[in-house]
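Peer 1: Coordinates for the following, if possible.
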Amino acid sequence: MAARVLVVDDNAANLKLLGAVLRLAGYEVATARDAVEAEVELRRRPPQAVLLDLQMPGIDGFTLARRLRSEPSTRGLPLMAVTAYAGEHDERRAREAGCDDFVAKPIDTRTLPARVARLLEACR
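Peer 2: The predicted model follows:
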C-alpha cells in the first residue's frame, strides 16, 4: 500500500506540481491550501508524512509544525518544510518548529520522491 502524503501550500501551482511528482512516484497524495484545511485533512484521514510550505497567509508553516508537534496524535508525524526561505537561519527555525527535513524551492522534482522516502524511513 502506498504511503499517504499531505502537501500543504497556498500556491495552487506548487500543490499541482508536488502532487503530480509524488503520485508518479507511487505516493497517495492529499492537498491543503492552508493550515486550517490541513488540520481538517489530518483528522479526516491521517497521512504518513506532511510536506508544508512555511510562508502561508494566516497560520504559517512554522506555527502549523509547532501545533502538530504539540498534539499527541501528530507528535511523531514526519514533517518536511518545502519553502522559498532558503537560508541557514530559516532551516534552523523550521527544525526548531518541529520539521524533520527542509527542501528549498524551486523543488528538484528528480530528487523529491527519494527525499520523501528517506523522511518516511528515518521517522519510523
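Peer 1: Can you check the pLDDT for residue 12?
Peer 2: Residue 12 carries a pLDDT score of 96 in this model.
Peer 1: and it, what does it touch?
Peer 2: residue 33 (CB atoms under 8 Å, 6 or more residues apart in numbering). Yep, even glycine has a C-beta here, placed from its N, CA and C like the rest.
Peer 1: same check, this time on residue 122
Peer 2: 78, 100.
Peer 1: Over to residue 101?
Peer 2: Per CB under 8 Å, 6+ apart, neighbours of residue 101: 78, 79, 80, 81, 115, 118, 119.
Peer 1: These into a markdown table, with extra columns for distance to residue 109, secondary structure and neighbour count?
Peer 2: A markdown table is the format used below for these (distance: CB to CB, whole Å; DSSP: H, G, I helix; E, B strand; the rest coil; neighbours: other CB atoms under 10 Å):
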| residue | distance to residue 109 | secondary structure | neighbour count |
| --- | --- | --- | --- |
| 78 | 20 | coil | 22 |
| 79 | 20 | strand | 26 |
| 80 | 14 | strand | 24 |
| 81 | 17 | strand | 26 |
| 115 | 11 | helix | 17 |
| 118 | 16 | helix | 14 |
| 119 | 16 | helix | 22 |
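Peer 1: For residue 43, state which of those residues is nearest.
Peer 2: Taking CB to CB as the measure, residue 79 is the one of the contacts of residue 101 closest to residue 43, at 16.6 Å.
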